[in-house]
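Visitor: I would like to see how this sequence folds:
(chains A and B)
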Amino acid sequence: MRPNRTDAIFSALADPTRRQVIRALSEQGPSTATGLAANLPVTRQAVTKHLSTLADAGLVTAIRRGREKLYQISPRPLTEAVSWMADLGARWDDRLAALRDHVATAQRRR
Amino acid sequence: METVEREITVPAPPREVWPALTHSDQVSVWFGAEAELDARPGGRGVFRWPDGTERHVVVEEVEPGRKLSFRWLPFQRTLEGEVEPVPSTRVAITLDEVAEGTRVRVVEQSASARRTTIEHGRAEALLALAAIEA
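Guide: Numbers count the residues shown, from 1 in each chain, chains lettered A, B, ... in the order given. The predicted structure follows:
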């Protein structure tokens, strides 16, 4: 995956309101900023701003329907981010197991 | 979801586990990469993987026998000498004495929060430049 994008994704997801927006979108399906704001403790303007950040990170896409702008989740970057985190976790599992073996070996030599 | 947490219990007290985290020759045994680490706050570190990839860290917190944290700088150098951007993350390793020895806990999280970017932006830019010029 493109690492720059991972950075943008994690940066976008670092904000709790933006995570709420993502959650709301996944529950409600494609929604307008107004529709999202109705279920979130923030103004429509704030939701629009968060949606724009999420769109820049590639996490949501906007589709026009008549005069409305509908936002929906793009699942791929999220999957990529999750798999990057999974790789990171697997690397630490390997390292920590090796650390334990290293320490155990050193102990036996005493 | 931008945080990875792992832990393991190792059969030795924290004071004996600490050198395994801070002495380059010992880190190289378990890390999966050859390490050169200056385990002091602000100290630099270089990790070289068997495939030739190289990454740099800046050490942040050092509490002997208790806590070590460092930040991966947001680039890596390939065997061909190319410098590629990678996500910057912060790693904190803490040691807690338990009955069986030491519980080693690792938390690695995205360092792309704005505050961190501002704090380290300058140092990162200089290091990235140094890496490209080297």
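
Visitor: now the helix or strand A:Ala90 falls within, how far from the chain's geometric center?
Guide: Assigned by DSSP states H and E, A:Ala90 belongs to helix A:75-108. Relative to its chain's centre, helix A:75-108 lies at 20 Å (Cα atoms, centre = their mean, to the nearest Å).

Visitor: buried stuff in that helix?
Guide: The neighbour-count check on helix A:75-108 (16 or more other Cβ atoms under 10 Å in any protein chain shown) flags A:77-78, A:80-81, A:84-85, A:88, A:92, A:95-96, A:99-100, A:102-103, A:106 as buried. Glycine gets a C-beta too; all of them are placed from N, C-alpha and C.

Visitor: just so I have it, where are all the strands in chain B?
Guide: Secondary structure of chain B (DSSP state E): strands at B:3-10, B:34-37, B:44-48, B:54-63, B:67-77, B:83-85, B:89-98, B:101-110.

Visitor: follow-up on the earlier one: show me the subset of the buried residues of helix A:75-108 that also lies near chain B.
Guide: By Cβ under 8 Å from any Cβ of the partner chain, the members of the buried residues of helix A:75-108 lying near chain B are A:81, A:84-85, A:88, A:92, A:95-96, A:99-100, A:102-103, A:106.

Visitor: Would stretch A:24-35 count as contacting chain B?
Guide: No. Figure legend: stretch A:24-35 not in contact with chain B (Cβ under 8 Å from any Cβ); closest approach 13.1 Å.

Visitor: Please write out the alpha-carbon positions of that stretch in PDB.
Guide: This file holds the C-alpha atoms of stretch A:24-35, laid out as PDB (Å, rounded to 0.1, in the frame of the first residue of the first chain):
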ATOM      1  CA  ALA A  24     -22.700   6.700  11.400                       C
ATOM      2  CA  LEU A  25     -22.100   6.300   7.700                       C
ATOM      3  CA  SER A  26     -21.600   2.600   8.100                       C
ATOM      4  CA  GLU A  27     -24.800   2.300  10.000                       C
ATOM      5  CA  GLN A  28     -27.000   4.600   8.000                       C
ATOM      6  CA  GLY A  29     -25.500   3.900   4.600                       C
ATOM      7  CA  PRO A  30     -25.000   6.800   2.100                       C
ATOM      8  CA  SER A  31     -26.000  10.000   3.800                       C
ATOM      9  CA  THR A  32     -26.000  13.800   3.300                       C
ATOM     10  CA  ALA A  33     -24.100  16.100   5.700                       C
ATOM     11  CA  THR A  34     -27.500  17.200   7.100                       C
ATOM     12  CA  GLY A  35     -28.600  13.600   7.600                       C
END
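
Visitor: Name the residues of chain A found near chain B, please.
Guide: A:3-4, A:6-8, A:10-11, A:13-14, A:81-82, A:84-85, A:88-89, A:91-104, A:106-107.

Visitor: can you tell me which residues contact A:Ser74?
Guide: Counting by Cβ atoms under 8 Å, 6 or more residues apart in numbering or on different chains, A:Ser74 makes contact with A:58-61.

Visitor: A:Thr61 in helix, strand or coil?
Guide: At A:Thr61, secondary structure determined by DSSP: H, G, I helix; E, B strand; the rest coil is strand.

Visitor: got a pLDDT number for the residue of chain B positioned farthest from its centre?
Guide: No residue in chain B sits farther from the centre than B:Ala99, which is 27.3 Å out by Cα atoms, centre = their mean. Listed pLDDT for B:Ala99 reads 96.
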